[in-house]
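Novice: model the structure of this input:
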Amino acid sequence: MSQDRETRGFQAEVSRLLHLMVHSLYSNREIFLRELISNASDACDKLRFQALDDDSLMESDPEPWIRLTVNPDAGTLTIADNGIGMSRQDAVDNLGTIARSGTEKFLASLTGDRKKDAQLIGQFGVGFYSAFIVADRVEVFSRRAGEPAEQGVRWESDGQGEFTVETVTREQRGTAVVLHLREDAREFLDAGKVRSVVQQYSDHVAFPILMASEAKAGEEGEQGESEWQTINSATALWQRPRTEVSDEEYQNFYRHISHDFQDALTWSHNKVEGALEYTSLLYVPARAPFDLYHREASRGLKLYVQRVFIMDDAEQFLPMYLRFIKGVIDAPNLPLNVSRELLQDYGPVRKIRAALTKRVLQMLKKLGNDDEQYATFWAQFGEVLKEGIGEDPDNREAIAALLRFPSTEDTAPGAVSLDRYLERAGEGQDKIYYLLADNLDAARNSPHLEVFRKKNIEVLLLTGRVDEWMVNYLDEYQGKKLVNAARGQLDMDDREEEAKAAEQDNPLIERLAASLGDRVTEVRPTGRLVESPACLVLGEDELGPQLRQMLEAAGQPVPESKPALEVNLSHPLLERLQGIEDQAGFDEIAELLLDQALLAEGRLPKDPAATARRLNRLLQAQAERA
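Specialist: Coordinates of the predicted model:
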């Protein structure tokens, strides 16, 4: 036994994840091989990249490979590579902890439902820990490229909470993962079974995946002098002609780069030649990752230059509002010495970014032809796509065409596009009307909609958390101005405006204004209401409730905002109010009129307890008269 052998405990998150994986992913356990081969592929990619600056890292073994060895006698399956390898500290850090932002949030989202948890774990990326789905003991032998043979490492664990690590001598650089298979996983000792799984899930891997014609393995799963056979196509899938790639291959490659369990909704494979040369393969996932709104979460495309891996999360090629897109870009003419920091401002990168952005928007436009598929996309990524309205003015019209909202005609969350709204608009309607609210129930029941229902005019119901921010940047669409149904003067009918002007001199207006004082900017007759007695209307430049909440949550100062109170003078309550001579009684009802207008919008009065006392006094008086 090595003198520097030590036993350590797993990070708490690792222990919990291991338990969940073994139980949640049991029915889909073939994915362990896909994940371990994917890790081996990444290790080969990283070695090739680092060897661009230091070719001595290749040692005497310049051709990358991934080798699979089955040993029925020992009950082991080994996945080995000659990639970058790990030092002792790398093994402790990479195999004993999860150094990924949002881990606690991810674990909190797990439900205990095996089917649902399997999808969540897939989003997180099961990686190395998937080995314990089929193995009751895992050994890892590794040596980092460039380090002496005496600096190899052996790591071992049964996945029950602890692992051991020791320094060993290892001539071969790279990593060998030796799985001591459970009794119920012995099917993976069949070379034919392993070969079929590789061809199903990992055929696209760009490095040769080799199996031996004879299954004889040494201590570290290394093969003797047996003949190696390549069992995958070993061609970068994105470099193959589209006509030669099946849908199943595209989907398998998506799962390889995303670690997702679900198929992608759609993809686009494109090769551009000429002065700006690159190949891209872009995917739209069917499910949002748990860290979609975590600004520091990794995002971006896998970047290759002349098929040489450069970086995993090249965020410079797509804007932030398209951060959910997965895929690969291979740009052979990018200089390899361009740093991550400079890449954003490099001329060709800006051009590729603009082209890829337009391509993604075209993908989404095409997806929009399938209402069911697009509804799935919108439910997962609609709120993120809205960010593009403010962030990408060059593509604002194209993004606006992709937006979906509920409306007074169809209250499904992603039912109505702006184009569909305009198709249904009445002749002569030159505006797109919308209403902002905290939730769909508050929007549907808003008194601001009464006049629109009366005139049979559709109103979009905007309840998303960024909707108010978004419409500040979206003044019009297809030449039609967007108008907030609860803000300013509607100017829907000149004759109604004339009638309102005539009612402005009604003494009740002045009396209500004096009673409410500085709680409102003004009291005025309304053209909005049909059934309700009053409603609140924001000025054209006032902050709405959504923006106000966003600023407050961010700790930003929020300017004071006061609405106008519009009253329906033909409502029985207002007619009765005109006959109340007792000023105290009048003030009491005026205050309740304002409070109920707040409640109708889903907002609380400034002093809810005072409102309750007024209601109690009113109910008591009514009971005494009865």
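
Novice: so where do the helices sit in the stretch 151-300 of the chain?
Specialist: Here the stretch 151-300 of the chain has its helices, by DSSP state H, counting those that start in this stretch, at 191-201, 247-258.

Novice: dump those helices into JSON lines; add mean pLDDT as well.
Specialist: Shown next, in JSON lines, are those (pLDDT from 0 to 100):
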{"stretch": "helix 191-201", "mean pLDDT": "89"}
{"stretch": "helix 247-258", "mean pLDDT": "89"}
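
Novice: tabulate those (a markdown table), appending mean neighbour count and distance to Trp228.
Specialist: Glycine gets a C-beta too; all of them are placed from N, C-alpha and C. A markdown table is the format used below for the helices of the stretch 151-300 of the chain (neighbours: other Cβ atoms under 10 Å; distance: least, Cβ to Cβ, whole Å):
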| stretch | mean neighbour count | distance to Trp228 |
| --- | --- | --- |
| helix 191-201 | 17 | 13 |
| helix 247-258 | 18 | 22 |
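
Novice: got the ones you listed as a markdown table, with distance to Arg350 columns?
Specialist: Output for these, formatted as a markdown table (distance: least, Cβ to Cβ, whole Å):
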| stretch | distance to Arg350 |
| --- | --- |
| helix 191-201 | 36 |
| helix 247-258 | 24 |
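
Novice: Pro507: which of those is closest?
Specialist: Taking Cβ to Cβ, helix 247-258 is the member of the helices of the stretch 151-300 of the chain nearest to Pro507, at 68.2 Å.

Novice: residues contacting that closest one, please?
Specialist: Contacts with helix 247-258, where a contact means Cβ atoms under 8 Å, 6 or more residues apart in numbering, come from 34, 38, 200-205, 237, 260-261, 263-264, 267, 269, 281, 283, 285, 302, 326-328.

Novice: now, the residues you listed that are in strands?
Specialist: Among the contacts of helix 247-258, the ones falling in strands (DSSP state E) are 267, 269, 281, 283, 302, 326-328.

Novice: what's the closest of those residues to Pro557?
Specialist: Nearest to Pro557 among the ones in strands among the contacts of helix 247-258, with distances taken as Cβ to Cβ, is Lys326, at 39.2 Å.

Novice: still on that earlier bit, just the buried residues of the contacts of helix 247-258.
Specialist: Applying 16 or more other Cβ atoms under 10 Å to the contacts of helix 247-258, the neighbour count classes 34, 38, 201-205, 237, 260-261, 263-264, 267, 269, 281, 283, 285, 302, 326-328 as buried.

Novice: picking up where we left off before, of the helices of the stretch 151-300 of the chain, which approaches Arg603 most closely?
Specialist: helix 247-258 (41.5 Å).

Novice: just give the closest residue to Asp263, not the sequence neighbours.
Specialist: Gln251 (4.9 Å; Cβ to Cβ, 6 or more residues apart in numbering).

Novice: meant to ask about Leu482, not that
Specialist: Ile432 (4.8 Å).

Novice: helix, strand or coil: sort out that neighbour for me.
Specialist: Of the three states, Ile432 takes strand according to DSSP: H, G, I helix; E, B strand; the rest coil.

Novice: now stretch 7-17: average pLDDT?
Specialist: The pLDDT scores in stretch 7-17 average 73.

Novice: please shift the residue numbers so they start at 221 in all later answers.
Specialist: Okay, residue one is now 221; in that scheme the one you just asked about reads as stretch 227-237.

Novice: now for the strand or helix carrying Thr289, which elements pack on it?
Specialist: Using DSSP states H and E, Thr289 sits within strand 286-291. Contact here means 3 or more Cβ pairs under 8 Å, 6 or more residues apart in numbering; DSSP states H and E; on that basis strand 286-291 packs against helix 251-271, strand 296-301, helix 411-421, strand 429-432.

Novice: dump those to JSON lines, plus distance to Gln582.
Specialist: Shown next, in JSON lines, are the helices and strands packed on strand 286-291 (distance: least, Cβ to Cβ, whole Å):
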{"stretch": "helix 251-271", "distance to Gln582": "29"}
{"stretch": "strand 296-301", "distance to Gln582": "38"}
{"stretch": "helix 411-421", "distance to Gln582": "29"}
{"stretch": "strand 429-432", "distance to Gln582": "35"}
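
Novice: contacting residues around the closest residue to Ser500 other than its chain neighbours?
Specialist: Nearest non-adjacent residue to Ser500, counting by Cβ to Cβ, 6+ apart: Ile549, 4.8 Å away. By Cβ under 8 Å, 6+ apart, Ile549 lies in contact with 498-501, 521-524, 534, 537, 572, 576.

Novice: please repeat the previous calculation with a cut-off of 7 Å.
Specialist: The contact partners of Ile549, taken as Cβ atoms under 7 Å, 6 or more residues apart in numbering, are 498, 500, 521, 523, 534, 537.

Novice: run through the bridge partners of it.
Specialist: Using DSSP bridges, the beta-bridge partners of Ile549 come out as Ser500, Leu523.

Novice: state the pLDDT value of Arg363.
Specialist: 96.

Novice: number of residues surrounding Gly737?
Specialist: Neighbourhood size, Gly737 [other Cβ atoms under 10 Å]: 9.

Novice: ok, the most centrally placed residue in the chain to Arg393 distance?
Specialist: Nearest to the geometric centre of the chain sits Leu512, at 3.4 Å (Cα atoms, centre = their mean). Applying Cβ to Cβ, to the nearest Å, the value for Leu512 to Arg393 is 37 Å.

Novice: so how far is Ala355 from the spatially closest residue to Arg374 that is not a sequence neighbour?
Specialist: Of all residues not flanking Arg374 in the chain, Val388 sits nearest, at 4.7 Å (Cβ to Cβ, 6+ apart). Noted for Val388: a distance of 20 Å to Ala355, by Cβ to Cβ.

Novice: more neighbours: which of these two?
Specialist: Taking neighbours as other Cβ under 10 Å, Val388 and Ala355 compare with Ala355 leading, 24 against 20.
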